[in-house]
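Asker: Sequence and predicted model, in that order:
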Amino acid sequence: MSRIAASAMVLLALAGCAREPLRPAPPAAPVPAPASGGAVEPRDEPRARSGNPPFYEVGGRRYVVLPTAAGYVEQGIASWYGADVHGGRTATGETYDMNAMTGAHPTLPLPAWVRVTNLENGRSVVVRLNDRGPFARGRIIDLSRAAAEQLDMIRTGTARVEVQSLAAGNPAPPAATPAI
């Protein structure tokens, strides 16, 4: 190998090391909600620096981010996401963990805490929203695999749910007893 080629390779290697990361390192992982039972106390957290534009567009649709999650209640279809995006970045810059009690919502400010109740079986979980989505028509929330397991919606992939915002300082009521 010539001296010029060797020098060029060293310079390229050094240039690669000096490159800035595309996104900032994620903040500390959130404290996950208990898998079952017990009251959960949502934390009062500032709006994330990323993931909260006034509006954004995906697939030709415009989404307007709400100024607050207070009083939010909606019923619709939930879906879940797992291994295919595990370890990727969420809208807040955190690393997605399919085993944490988290979710994605198209318009609630991030982060936000919500109770999601499966209307078909009465099971309920508390999740911390840290991502944007779902963007499939007719869906109102995407849940982590862990949350979907607790709601018993893994097999079906979707479920009819109610999403209700939870305020910091107000413990979430205990999960509803699942229907038998």
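Answerer: In hand now; what should we look at?

Asker: so where's the protein shaky on pLDDT?
Answerer: 1-40, 168-180 (pLDDT under 70).

Asker: And the helices in it?
Answerer: Secondary structure of the chain, counting by DSSP state H: helices at 3-17, 145-150.

Asker: for Phe55, which residues make a bridge with it?
Answerer: Applying DSSP bridges to Phe55 yields these beta-bridge partners: Val64.

Asker: What about it, how many residues nearby?
Answerer: When neighbours are defined as other CB atoms under 10 Å, Phe55 has 9 of them. Every residue, glycine included, has its C-beta placed from N, CA and C.

Asker: same thing with Pro134?
Answerer: 23.

Asker: so what's it up against?
Answerer: Applying CB atoms under 8 Å, 6 or more residues apart in numbering, we find Pro134 in contact with Ser79, Ala104, Pro106, Ile140, Ile141, Asp142.

Asker: what's the nearest residue to the fifth one if we skip its chain neighbours?
Answerer: Here the nearest residue to Ile141 in space, its sequence neighbours aside, is Ala78; by CB to CB, 6 or more residues apart in numbering that works out to 4.8 Å.

Asker: does Val125 have beta-bridge partners, and which?
Answerer: Applying DSSP bridges to Val125 gives these bridge partners: Val116.

Asker: Can you get me a residue count around it?
Answerer: Counted with other CB under 10 Å, the neighbours of Val125 add up to 27.

Asker: what's the spacing between it and Asn118?
Answerer: Noted for Val125: a distance of 9 Å to Asn118, by CB to CB, to the nearest Å.

Asker: do the same with Phe135
Answerer: Going from Phe135 to Asn118 by CB to CB gives 22 Å.
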